[in-house]
Structures are given as C-alpha cells and as structure tokens.
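**Q** Let me see the structure of the following:
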Amino acid sequence: MNHTIEEIFSPSTGIEIVLNLNSLHPIAASSIIYDVIHNKKHIIVAQPLNYITKSTVFDEMHLTTLMKVDLDKKRFGIKCKPLIFHRDYPLFDNSRVGAITLEYKPPLLETNIRSAYRMPMGSNFTVKAKLIFNNNSYYSTKDFFIKDISITGIGIIIPIKLHKTTNPLTDLKRHSKGVIGLLLISPNSKQPFATIPLKIEIIRTDSNYSENYIFAGIKFIGLTQDKEVQLNKFIHMAQLDELRRISRIDNK
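**A** Predicted coordinates for the structure are as follows:
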C-alpha cells in the first residue's frame, strides 16, 4: 500500500465514523475532518447528526474513507478512540461547532467489504422495498423496516409480531434466497430515482437484536453494472446530503 495516513486523512476529507466494524451490524455515520495533528496521531472530526458522546456504547471505532486508486475506488480505515468531546470547537470563520478529537492507531488498513458505507434510513433520501420469499410478498414499513443499505446489501429489522401473530419473516434462515425490488427515492423529485430488482441471499440473522425485533443482513446477487452505478450514485448523493446537513447544523 503506497498511500499514507497523512495523505488520506486530511482536513475537509469526508469520512465515516464506524462503530463495531467487525460486528454483525456495524454503525456508520457520515462526518468530515476539521483538523489534524498527525505528530500526536490526533484527528478532529465533526459530530455526526446522531451525536457520539461519552455514554455511547461500542466495542471499537474506525475512521474510513473512499479514495481513488488507479481506476478503482478503495476504502481505507484506521482504528481510533475518542479523547475529547468538544461542544464549541472553533473553526476558521470563528463559528463554534460540535466536534470530537480522536486518537488513531496505525497501521492504515484497506477495510473489507463489510465496512463499506451503509446509508442509514431517516435521511432525505429514502428506500422502499418489496421482498419475495417462498412466493410470498412482504413490504417495507408494513412487514419489516429497512435499517441501512450499501452497494453490496441491505439490513432489515423484522418485528417479531404483526397484529398479535408471528411475523412469517422471523423464519428466515441463513442462506435463504429470494428476490427484492428496491425503489430509490430522492428528495424534491416526483419520479423515483431508480427501481432495482435483485436476487438476494440472507447472510446473517440476529435473533437477539432486541426484545421485539430481529435483524437480518441481506446480500445482493447479480447486481448489473448499470444498476450498480445507479445505486452507488444514489448512496453517494445521500452521503453528501448528510454532510451538508451536518455543516448547516454546526454553523447555526
């Protein structure tokens, strides 16, 4: 690997703060680098929309970012830990913002596929889905909820009970296969950004996700190049929108 931490993690770089990267369901939040003190191994980043505080529980934290390498994009990451939670970190324009000083620990890693940016639901960009398993159809917001989506798959949360009866989706097993139809919706648009039909496979389930819900991680199969471009563009636009929202909130 020819790139250095100093090259990749520099001021104004868009990043993801990833909690529990190697767990069944890592949490990724968009942020941006405000400043770096590389001789101390310190990086100061914007607080994400969902603030990380001293009471936030996690086992490990990484910073990751995408970088163009030759004709491809690769994701690089470094392990880190929070040192200081700033309520009013000063920026160059004299505004004060929420920020975190992180201490990172080399080496620089090319992070694996599971650490790819996952677009969380709740942003201005939304996704609706229809799942088909065993010739039965299930719909997001009715039979399950979408937790996040990436270029490689989607995470869903399944209510154990639906109208006091057991949700059939709770029977999903690892390696179960089915079909999904995705409807990608961008803000201020009357037409969907894209519709994407895909074959899928359940790659993991977590029946201990919570008292009333289970989690399922789903892998996309056979994503064609044109649909991959559409999905990647949609996720990238959503990430930029989240970074802009962070900036607007910080500078109020």
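**Q** Show the contacting residues for residue 8.
**A** Residues in contact with residue 8, defined by CB atoms under 8 Å, 6 or more residues apart in numbering, are 65, 67, 76, 108. Using the backbone N, CA and C atoms, a C-beta is placed for each residue, glycine as well.
**Q** Mind picking the lowest-pLDDT entry from these?
**A** For the contacts of residue 8, the minimum pLDDT belongs to residue 67; the value there is 78.
**Q** Identify the bridge partners of that residue.
**A** residue 74 (DSSP bridges).
**Q** thinking again about what came up before, in strands only, show me the contacts of residue 8.
**A** 65, 67, 76, 108 (DSSP state E).
**Q** which among the residues you listed end up buried?
**A** Neighbour counting by 16 or more other CB atoms under 10 Å classes 65, 76, 108 among those as buried.
**Q** The second one contacts residue 104, doesn't it?
**A** No - assessed by CB atoms under 8 Å, residue 76 is found out of contact with residue 104, at 11.8 Å.
**Q** between the buried ones among the ones in strands among the contacts of residue 8, which is closest to residue 186?
**A** Comparing these against residue 186 with CB to CB places residue 65 closest, at 23.4 Å.
**Q** Check the secondary structure at the nearest residue to that closest one once chain neighbours are set aside for me.
**A** For residue 65, ignoring the flanking residues on the chain, the nearest one in space by CB to CB, 6 or more residues apart in numbering is residue 15 at 4.7 Å. Secondary structure for residue 15, judged by DSSP: H, G, I helix; E, B strand; the rest coil, is strand.
**Q** ok, what's across the strand from residue 42?
**A** Beta-bridge partners, per DSSP bridges, of residue 42: residue 37, residue 103.
**Q** Hmm, it is touching residue 101, no?
**A** Yes - Residue 42 is within contact range of residue 101, at 5.7 Å (criterion: CB under 8 Å).
**Q** the more surrounded of these two?
**A** Neighbour count, other CB atoms under 10 Å: between residue 42 and residue 101, residue 101 has more, with 19 against 16.
**Q** got the contact list for that one?
**A** 42, 43, 44, 82, 83, 84, 86.
**Q** cool, and residue 232?
**A** Residue 232 sits next to residue 151 when contact means CB under 8 Å, 6+ apart.
**Q** what about residue 203, how many neighbours?
**A** 16.
**Q** buried stuff in stretch 135-150?
**A** Those would be 138, 140, 143, 144, 146, 147, 148, 149, 150, for stretch 135-150 by 16+ other CB under 10 Å.
**Q** Any chance you could list what contacts the helix or strand encompassing the first one?
**A** Using DSSP states H and E, the secondary-structure element containing residue 138 is strand 136-139. Residues external to strand 136-139 that are found in contact with it (CB under 8 Å, 6+ apart): 128, 129, 130, 131, 132, 144, 168, 169.
**Q** Make sure the second one is actually in contact with residue 182.
**A** Yes - Residue 129 is in contact with residue 182 according to CB under 8 Å; the separation is 5.5 Å.
**Q** Overlap in contacts, these two.
**A** residue 154.
**Q** Kindly provide the distance from the closest residue to residue 69 other than its chain neighbours to residue 110.
**A** Distances taken as CB to CB, 6+ apart place residue 3 nearest to residue 69, at 7.6 Å, with adjacent residues excluded. According to CB to CB, to the nearest Å, residue 3 stands 10 Å off from residue 110.
**Q** Quick check: neighbours shared by these two?
**A** Jointly contacting residue 3 and residue 110 under the rule CB under 8 Å, 6+ apart are residue 76.
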